[in-house]
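Student: When you get a sec, could you give me coordinates for this:
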Amino acid sequence: MEFPKGGFVTEVSQIRTLARQINKDVCTAYKQANLAKADWQGDQYDEMVKIFQTYKSKIDSMLELVVTNIPTSLETISNIGIATYQSKYGSQVSPDTAAVETPTALETLTESGRGGSWLSGDYADLSIVRPYITEVNTSIESAKKALKDINGKVQGLTSWTGPDATKYKEQLSTLAGDLDKNFTTMNENFETLATEAVNKLKAQQDAGSKIAGGGSAGASNI
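Tutor: Numbering: from 1, shown residues only. Take a look at the predicted model:
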């Protein structure tokens, strides 16, 4: 196969940029979910952790594919094409070595191990965890868009053929489709479970106030 002088240089650059964005976004989401444990613990938090950890291996596979495997394969082929082109019009040259990037690892989330529902502060209010919800939601939505874009670019490389191309395109197509749904599940459950924790605490505090004749309920576990 012959490649133009520029090879896949532009495509590799675009894919690497999108891959780095995806990596940054998912790392942010997992970091924020981990930081949330300082203000939110209990059954609902632990359920959120289980959901995030369920999809972690699939996200890791996707990151290895888009950050490392696909750009490295494309750049290797591109460099060979460029060297071949240059050799036709000058002295024989050896292809440059492709840059190999590795993804930044996601934080591993751990359950709080605290039964019931707990939020920091003196009263149950979603504002306590709203900053985490916002960060997780924004990061995951950004990752979803970047993954869709990178899949579109890779599938559109019709001149990229061969065993690696077939394998990587199929893997990416499957992972992109699965993770689009998984990311939505992660986002929805993060906010839903946080809201459930707030509502349970509020119900307990309201019940405690009635029992105390209108006084404040100091307990924060149910």
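Student: can you tell me which residues contact the residue sitting nearest the centre point of the chain?
Tutor: What sits nearest the mean C-alpha location of the chain, by C-alpha atoms, centre = their mean, is Val26, with 2.6 Å. Residues in contact with Val26 (C-beta atoms under 8 Å, 6 or more residues apart in numbering) are Ile59, Leu63, Leu106, Ser139, Ile140, Ala143. Quick note: C-beta positions are derived from backbone N, CA and C, even for glycine.
Student: Which ones among those lie within helices?
Tutor: Helix and strand membership here follows DSSP state H; of those, those in helices are Ile59, Leu63, Ser139, Ile140, Ala143.
Student: any idea whether the closest residue to the second one other than its chain neighbours is helix, strand or coil?
Tutor: Meaning Leu63. Taking C-beta to C-beta, 6 or more residues apart in numbering as the measure, Leu63 lies nearest to Pro103, with 3.8 Å between them; neighbours along the chain are not counted. Secondary structure of Pro103, reduced to three states by DSSP: H, G, I helix; E, B strand; the rest coil: coil.
Student: for Trp118, helix, strand, or coil?
Tutor: Assigned with three-state DSSP, Trp118 falls in the strand class.
Student: pretty sure Asp164 is touching Ser73, no?
Tutor: Yes. Contact between Asp164 and Ser73 holds when scored by C-beta atoms under 8 Å: they sit 4.9 Å apart.
Student: higher neighbour count, the two?
Tutor: Ser73 (19 against 16; other C-beta atoms under 10 Å).
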